[in-house]
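K.L.:
Sharing a model prediction with you, sequence too.
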Amino acid sequence: MKENKQIGNVLSLDPMYSTLHARIADEYQGKKFALLSSFGLKHYLPGFEFYYIERQLQSKSIIISQTDLDVVKSMDSHFSALVRKVEKRELTDDELEYMAKFYVFLKQFAVDNGIKVVLLHNDLRWQHAIAVFVCRELSINYLVTEQGLFRPHTTVVDSFGVNAYSNVKNDYQKFLDKGEDLNRYIKNDVVTSSHDSWYSYINFFRYLIFSKVGQFLGTEARVVHKRHTFSEYVKRFYFHRINPLLSKKTPSDGDVVFGNTKKLVFVPLQLELDTQLLIHSDFSSNQEVINIIETAFYDAGLCNKYELVFKKHPNDQQEYNFSNFSKLTDVAIKTEFLRNVSLVISVNSSALLQVLSTSTPVITLGRSIYDVPGVAFHSNGKDLASDIKSQLNTTVDIDRRYHYVDYLKYVYSIQGAGNSFSKSQIEKIINKLTRN
């Protein structure tokens, strides 16, 4: 038996598409349970006792009250946001009943099985939003996992939430107040895998196959925020893995970056319908974001002096409408490109981390972990024209930026991905719980 194991039973809901949840659970001396929305996810959790949401809700007589329905109706989740913002409707009675039954079932399951720690990937899947609520009700420790800020070799593990729901900004302020030395934390663990490695792709393919099997076994949850398909996976795999090998494309002289005498106002867009748009902002679509930025840019009188340049998310296949004064680029966001950029505006793109290594001002339109004084400026959108003009004349505190980015990388983030997590990084994860 391993030394210094924590004591307690562990419950994993849907895991990362890796064995990280299993690695964390191995640090505990107790039973390991999994409550899953899909049969395909079980191969990421060796050694667990498996339960499936669909089967549990169908096989048990679960009595729900109006209070239970009101609780789940009040929760924010990716699914409820899609319904409200995109489909322009409210949750149906059947959807609410399904979620309320899960809420009642999960509370009883946690009590009956003496659950001490809950693991879940992404806190905005509807069942995970409910799980976080239950954990807080019952004072159960939980960890939320997410692909890391510094991709593809880091992972986020947070004992509160991820993205704008995390406590990282408050933790950073405490770090500053204590006068801690950041240099004590700076080290680089060897990471031999990644979130987009062949290992990760192959295991995700296995997940898709077993999920298809699960449809025949009756294990697939009826309500999901997104149902993955083979066609989507093949298309994305080709785009990221095969196409770069076949294409020798280089930026043309006609691209906005080259031969342009104007400075750029650059806008990296989110993936359409992701949680940064639907939950962590007041927008419903990228088109809304494009429209408000173009209007503000025009109203600020910048068309003659600056070029407004948009870049779509690499996985986004949507088509958008742009004004005739806007440009679209697919140039890589690297130092050479950013030298021409005077301002970056984004809801909360992961590309902002690259910008924060420069002195270029940043405006965020969503609720973001980068909204820290001296790092980025948050605009409510209503005053965006004046905010743009103000930020174009702002001098960035580059030392504060470097310090915050290093804090995110070496203190907040976990160095590891895929199947590569060192013992020290696993211990760092466990410490996020034991310090609570």
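P.N.:
Received it, and whenever you're ready, just let me know what you need.

K.L.:
Follow the chain on from the helix or strand of the chain with the lowest mean pLDDT and name the next helix or strand.
P.N.:
Every helix and strand of the chain was ranked by mean pLDDT, DSSP states H and E. The lowest is helix 243-246, at a mean of 62. Using DSSP states H and E, the helix or strand that follows helix 243-246 towards the C-terminus is strand 263-268.

K.L.:
Now do the helix or strand following that following strand: distance to the chain's middle.
P.N.:
Of the helices and strands lying after strand 263-268 in sequence (DSSP H and E), the nearest is helix 275-278. Helix 275-278 sits 9 Å away from the centroid of its parent chain (CA atoms, centre = their mean, to the nearest Å).

K.L.:
any idea of the angle the next helix or strand after helix 275-278 forms with strand 263-268?
P.N.:
Later in the chain than helix 275-278, the nearest helix or strand by DSSP H and E is helix 286-299. Here the directions of helix 286-299 and strand 263-268 differ by 160 degrees (axes from the mean of the first three to the mean of the last three CA atoms, to 10 degrees).

K.L.:
mind exporting helix 286-299 as PDB, just the C-alpha atoms?
P.N.:
The C-alpha trace of helix 286-299 is given here as PDB (Å, rounded to 0.1, in the frame of the first residue of the first chain):
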ATOM      1  CA  ASN A 286     -20.000  35.400 -32.200                       C
ATOM      2  CA  GLN A 287     -22.100  37.400 -34.600                       C
ATOM      3  CA  GLU A 288     -23.300  39.600 -31.700                       C
ATOM      4  CA  VAL A 289     -19.700  40.000 -30.600                       C
ATOM      5  CA  ILE A 290     -18.600  41.000 -34.200                       C
ATOM      6  CA  ASN A 291     -21.500  43.500 -34.500                       C
ATOM      7  CA  ILE A 292     -20.800  45.300 -31.200                       C
ATOM      8  CA  ILE A 293     -17.100  45.600 -31.900                       C
ATOM      9  CA  GLU A 294     -17.500  46.800 -35.400                       C
ATOM     10  CA  THR A 295     -20.100  49.400 -34.300                       C
ATOM     11  CA  ALA A 296     -17.800  50.600 -31.500                       C
ATOM     12  CA  PHE A 297     -14.700  50.700 -33.800                       C
ATOM     13  CA  TYR A 298     -16.600  52.800 -36.400                       C
ATOM     14  CA  ASP A 299     -18.200  55.100 -33.700                       C
END
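
K.L.:
hmm, who's touching that helix?
P.N.:
265, 267, 269-270, 272, 277, 283, 303, 306, 308, 310, 316, 318, 320-323, 325-326, 345, 347, 365, 381, 384-385, 387-388 (CB atoms under 8 Å, 6 or more residues apart in numbering). Just so you know, the C-beta spots here come from the backbone N, C-alpha and C atoms, and that holds for glycine as well.

K.L.:
And the pLDDT for Ile7?
P.N.:
As predicted, Ile7 sits at a pLDDT of 89.

K.L.:
And Leu11, how far from Leu269?
P.N.:
37 Å (CB to CB, to the nearest Å).

K.L.:
the more surrounded of the two?
P.N.:
Just comparing Leu11 and Leu269: by other CB atoms under 10 Å the higher neighbour count belongs to Leu11, 28 against 23.

K.L.:
Sticking with that one, tell me its helix or strand.
P.N.:
Per DSSP H and E: strand 9-12 holds Leu11.
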